[in-house]
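Asker: Test case, fold it:
(4 chains)
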2 protein chains.
Amino acid sequence: MRATIREVAREAGVSPSTVSRALSMPEMVNPATRERVLRVAQRLGYAPNRAARGLITGRTGNLGLIVPDLANPFFPSVVKGVQAKAREADYAVFLADTDEDPAAEIGLIRVLAKQVDGLILCSPRGHEDEIRELSESMTLVMVNRRFGSIPSVVFDNVDGMRQAVAHLQALGHQRAAWVGGPRTSWSTRDRLRGLRAATAAVGMELVVAGHFPPQFEGGVAAADLIIASGVTAVIAYNDLMALGLLGRLRDRGVSVPQDMSVIGIDDIQMSSMSSPALTTVSLGKEQAGRAAVDLLISLLQQPEGVRSARRELPTQLLVRASTGVARTN
Amino acid sequence: MRATIREVAREAGVSPSTVSRALSMPEMVNPATRERVLRVAQRLGYAPNRAARGLITGRTGNLGLIVPDLANPFFPSVVKGVQAKAREADYAVFLADTDEDPAAEIGLIRVLAKQVDGLILCSPRGHEDEIRELSESMTLVMVNRRFGSIPSVVFDNVDGMRQAVAHLQALGHQRAAWVGGPRTSWSTRDRLRGLRAATAAVGMELVVAGHFPPQFEGGVAAADLIIASGVTAVIAYNDLMALGLLGRLRDRGVSVPQDMSVIGIDDIQMSSMSSPALTTVSLGKEQAGRAAVDLLISLLQQPEGVRSARRELPTQLLVRASTGVARTN
DNA sequence: CACGTAGATGCAAACGGTTTCAGACTGCGG
DNA sequence: CCGCAGTCTGAAACCGTTTGCATCTACGTG
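Answerer: Residues are numbered from 1 along each chain as shown, chains lettered A, B, ... in the order given. Next comes the predicted model:
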C-alpha cells in the first residue's frame, strides 16, 4: 500500500539507513545521494510511518487534549487554538470530552497517556491527588487550573474581577451577587477569590449565590435567587450562565440593565448577539490553547530540566449593553 | 517506565507469545495459565503498546475526524457524538479543524490518513475528485455530503425543507427567500434543491439570495438584501446565519415575526435563547457523529465487501417564536 | 609509500508487540 | 507399549523505523 523506507532505499540504490538519514539528518549524508534519495521519496510519496518511528524514538508526535464539555463554546475555542499551534509544530491532536465527569476524566487521561508525548488538561475537574500522581509519570499542562508545581496556563481572574467590580462601582452599584460554577472547578474558586478581594477593596457588598451547572440552565436556575437577594448587579461564572440569567430575568419582568446589571466571563460569540448584548470579561481562549501547546512542547524538549512553568494571560472587561447605572430606590 | 509484554511473561513464567494470546485470544490458552497471566498483567498495570501492535496488525485503533470550523456550534456537537461512540468502541479520535479552507482540508486528510484506520470527513469542502481519489486508498465516511458511492451520513434536507415550507404556507406566506451558505458546501446545494421542490409543490415564490459565509456575519450581510427583496419569510442555511439576520433585522426596525418570519437550520443551543427564539429545522447532530462512527467501524470490519453505505437521518421542524402569520399589506 | 583521519555508507540490533509454525505433552484406543 | 490426535506452549520471524558501530574510500601528511 504505502511506500516503505526499504522501497525507497532499493529504488535509490542505497540502504534504508541512508534514506533515514537523508530525511532526518541531512548534513550527515553526501549532498548528491541526499538529492537522489529525496527525489525518489518524493516520487513514491513516501512518508515515514510515525508509529514505527515512535516505537524506537519513544516519541509519538501526538498530543492529547481533554476538555469537560465541548457543548460549552469556551472549549471549542481553546481546542481551535491547540489544534492550530500543534499543527504548526507537526503534532497531531487526540481529543477527548469528559462530559464534566471527573471519573471519566481520569480514565481518559490514563488511556490517552500511552499514546501521546504530552497531555493538555483543559479545566480539569479531577482530584488534585490523582492529577499530581499522573503528572509524575508524564508531562502534562493544565489550562484554567493551577496547583502545586504543575505547568499551567491560566487567566488573570483576579484582575478580571477587579475590572468588573471597578466598572460596577463606577455605575453606582453597592451590592453585587456572584453566581458560581461547578464546585470542582478551580476557576470558580479563583474568580470568587478575586471578587472578594476586589469588592472588599472598594467597600462593595458581595452576595454569593453558590454553585450551579456551568450551562445556560444554571443561570436560569440562579436568577430567582438573585432577584430575591435584592442586589442591583450580578456576575456569573461564565457567559452561558449569564445568558441564562438574562433569559430568566426577562421572563420575570426584571429589565436589564435598568433594574439589574449582568456581567459574564469568557466572551463567547453569542454573548455579543444576545439582547441586551452581554458585558463580559473577555478571555483569550485560542491564545490559551496556543500557549498550552507552546509550554508543552518546550517541556518536552527540555532534557529533564525545570518541570514547572506557568503562564498567566491577561483578561479584559468588555462593556456592552447589559450593565448600566444602578437603580436607586 | 511502562511494563512490556516481556516483563509480564517473565513474571508469570511464560513466553511473550502466551501473554499475547492470553489477552487477545483467551480461548486458545489454558484457563489456569491465562488466569495467572492476567493477574500479573493486572498487577504490573500492563497495557499493550498500541503503536507496536499497529505495526504488525496494520490497525492503529485510531479514527480521524476533520471539521471545517469548531467555532460553529454545529460541529462541536458532531464531535461529541463521534467522540462518545468511538470511546465505546475503544477507538481514540484525532481531531483537525480546517478553518473552512479546502486546501488545508486536503493536506490534513493526507497527514492524518497514515495514522488512522479510518477517517470521518464532516461537511468536507474539498473538491470531489480529490476526495474520490483519497477514498480509494483508505476507508472514509462523509458527514453532510454525498456523492458517488462514498459512504456517508446525511440529513434528510429535502424533508426538512418541506416541513419548513409547509409551516410558512400555513401561516399565509407567499414569497420566501433563501440565504445560502458556502459555495463549496454540499448541503447548501441539497437544501436549496429541497426548497425549490417544496416551494414549487405549493406554489410559493422563492427568492435565492446567493452565498454567504456560514457565520453570524453572513446573516448580517444578507439581511438588507432580504428586506429589499420584499419577501415575508426567510430561510437561512444555518442557525448562526439566521441569528445574524435576526440581529440586523432588529437594527433595521423590522420586527420578527410580525414583519418577517425567520427560519434557521441546525438547532444549535443559542437559537433557543435568542429573542425571539428561533424557529429552526432540528438536526440530530450528535446522532450523526455516532452514526458516522458506526458506519466507519462496520466498514473496517468488512473483509473487503461493500465499500458503500449510506445513512439518512430525519430532520424535524421546531416551531418557536421567529415565525408568524404573514404580514398582509 | 605507509599511515592516520574524516566523511559517507551499510549492517544489524533494537523498539514492543503478533502470528506462524513446530514441538512437547497429554490422554486415549488398539 | 505404541501411535495418534488434540491441546498448549515457545521459538522465531516480522512490522517500519532509528542508531551505534564497523567498514570502506579517498585524501593529506610525514
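Asker: for the stretch 51-200 of chain A, which spans come out with low pLDDT?
Answerer: The stretch 51-200 of chain A contains no residues with pLDDT under 70.
Asker: Run a quick neighbour tally on the closest residue to DNA strand C within the stretch 201-329 of chain A.
Answerer: Nearest to DNA strand C in the stretch 201-329 of chain A, going by C-beta to the nearest atom of the strand, is A:Leu300, at a distance of 17.9 Å. No exception for glycine: its C-beta is placed from N, CA and C like everyone else's. The local packing of A:Leu300 (other C-beta atoms under 10 Å in any protein chain shown) involves 14 other residues.
Asker: Got the domain ranges for chain A?
Answerer: According to automatic domain parsing, chain A comprises the domains A:5-45, A:62-155+A:285-314, A:157-283.
Asker: how far out from the middle of the chain is the first one?
Answerer: What separates the centre of domain A:5-45 from the centre of its chain is 41 Å, taken as C-alpha atoms, centre = their mean, to the nearest Å.
Asker: A:Gln115: neighbour count?
Answerer: 19.
Asker: Sorry, slip of the keys, the one I care about is A:Leu134.
Answerer: Residues contacting A:Leu134 under the criterion other C-beta under 10 Å number 19.
Asker: Name the SS class of it, please.
Answerer: helix (DSSP: H, G, I helix; E, B strand; the rest coil).
Asker: Relative to A:Ile150, how far out is it?
Answerer: 9 Å (C-beta to C-beta, to the nearest Å).
Asker: list the residues that contact both of the two?
Answerer: Common contact partners of A:Leu134 and A:Ile150 (C-beta atoms under 8 Å, 6 or more residues apart in numbering or on different chains): A:Leu140.
Asker: Would you mind giving the domains of chain A as CSV with distance to DNA strand D added?
Answerer: Formatted as CSV, those follow (distance: least, C-beta to the nearest atom of the strand, whole Å):
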stretch, distance to DNA strand D
domain A:5-45, 3
domain A:62-155+A:285-314, 13
domain A:157-283, 38
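Asker: among the ones you listed, which is nearest A:Ile56?
Answerer: domain A:5-45 (10.5 Å; C-beta to C-beta).
Asker: The closest one and chain B, any residue contact?
Answerer: No: contact of domain A:5-45 with chain B (C-beta under 8 Å from any C-beta of the partner chain) is absent, the minimum separation being 9.3 Å.
Asker: quick one: that domain near DNA strand C?
Answerer: Yes: against DNA strand C, domain A:5-45 shows contacts by C-beta under 7 Å from any atom of the strand at A:13-18, A:21, A:28-30, A:32-34.
Asker: Return the subset of these lying in helices.
Answerer: Among these, the members falling in helices (DSSP state H) are A:Pro16, A:Ser17, A:Thr18, A:Arg21, A:Ala32, A:Thr33, A:Arg34.
Asker: Can you report how many residues neighbour A:Asp183?
Answerer: One thing to correct before we go on: residue A:183 is Arg, not Asp. A:Arg183 is flanked by 11 other residues according to other C-beta under 10 Å.
Asker: wait, isn't it in contact with A:His211?
Answerer: Yes: A:Arg183 is within contact range of A:His211, at 4.9 Å (criterion: C-beta atoms under 8 Å).
Asker: Could you pull up the contacting residues of A:Asp156?
Answerer: A:Glu312, A:Leu313, A:Pro314, A:Thr315.
Asker: what separates it from chain B, distance-wise?
Answerer: 24 Å (C-beta to the nearest C-beta, to the nearest Å).
Asker: residue ranges for the helices of the stretch 151-300 of chain A, please.
Answerer: Taking DSSP state H, counting those that start in this stretch, the helices of the stretch 151-300 of chain A run over residues A:157-170, A:186-202, A:216-229, A:239-251, A:285-301.
Asker: what's the most buried one of these?
Answerer: helix A:239-251 (a mean of 25; mean count of other C-beta atoms under 10 Å in any protein chain shown).
Asker: does chain B sit close to that one?
Answerer: Yes: with C-beta under 8 Å from any C-beta as the criterion, chain B is reached by helix A:239-251 at A:Leu243, A:Gly244, A:Gly247, A:Arg250.
Asker: For the residue of chain A most remote from its centre, give me its contacts.
Answerer: The outermost residue of chain A, judged against the average C-alpha position, is A:Gly13 (49.4 Å), by C-alpha atoms, centre = their mean. Counting by C-beta under 8 Å, 6+ apart, A:Gly13 touches A:Arg36.
Asker: Show me what the strand or helix carrying A:Leu119 packs onto, helices and strands only.
Answerer: Per DSSP states H and E: A:Leu119 is located in strand A:118-122. Packing partners of strand A:118-122 (3 or more C-beta pairs under 8 Å, 6 or more residues apart in numbering or on different chains; DSSP states H and E): strand A:62-67, helix A:74-88, helix A:102-113, strand A:139-143, helix A:285-301.
Asker: so what's A:Gly61 up against?
Answerer: With contacts defined as C-beta under 8 Å, 6+ apart, the neighbours of A:Gly61 are A:Arg50, A:Arg53, A:Gly54, A:Asp90, A:Tyr91, A:Ala92, A:Asp117.
Asker: Can you point out the buried residues in the helix or strand harbouring the third one?
Answerer: In this assignment (DSSP H and E), A:Gly54 forms part of helix A:50-57. Under the neighbour-count criterion of 16 or more other C-beta atoms under 10 Å in any protein chain shown, helix A:50-57 has A:Arg50, A:Ala51, A:Arg53, A:Gly54 buried.
Asker: Return the angle between stretch directions for that helix and helix B:50-57.
Answerer: Angle of helix A:50-57 versus helix B:50-57, following axes from the mean of the first three to the mean of the last three C-alpha atoms, to 10 degrees, is 120 degrees.
Asker: Return the set of buried residues in stretch A:39-49.
Answerer: Of the residues in stretch A:39-49, A:Val40, A:Ala41, A:Tyr46, A:Pro48, A:Asn49 count as buried by neighbour count, 16+ other C-beta under 10 Å.
Asker: And the third one, how far from chain B?
Answerer: If I follow you right, that is A:Tyr46. From A:Tyr46 to chain B the distance is 11 Å (C-beta to the nearest C-beta).
Asker: Which pLDDT value belongs to that residue?
Answerer: Looking at A:Tyr46, its pLDDT is 93.
Asker: thought it was touching A:Arg10?
Answerer: No: in this structure, A:Tyr46 is not within contact of A:Arg10 by C-beta under 8 Å, at 11.9 Å.
Asker: Tell me who's in contact with A:Gly45.
Answerer: By C-beta under 8 Å, 6+ apart, the contact list for A:Gly45 reads A:Arg2, A:Ala3.
Asker: gap between it and A:Val14?
Answerer: Separation of A:Gly45 from A:Val14 (C-beta to C-beta): 18 Å.
Asker: Could you give the number of residues near A:Lys85?
Answerer: If you count neighbours by other C-beta under 10 Å, A:Lys85 ends up with 22.
Asker: And for A:Arg87?
Answerer: If you count neighbours by other C-beta under 10 Å, A:Arg87 ends up with 18.
Asker: thought it was touching B:Ala96?
Answerer: Yes: assessed by C-beta under 8 Å, A:Arg87 is found in contact with B:Ala96 at 7.4 Å.
Asker: Common neighbours of the two, please.
Answerer: Residues touching both A:Arg87 and B:Ala96 by C-beta under 8 Å, 6+ apart: B:Leu108.
Asker: Which residues of the stretch 51-200 of chain A lie near DNA strand C?
Answerer: Counting by C-beta under 7 Å from any atom of the strand, the residues of the stretch 51-200 of chain A that sit close to DNA strand C are A:Ala52, A:Leu55, A:Ile56.
Asker: I'd say the first one and B:Leu55 touch.
Answerer: Yes: checked against C-beta under 8 Å, the pair A:Ala52 and B:Leu55 is within contact range at 5.6 Å.
Asker: Nice, that's everything, thank you.
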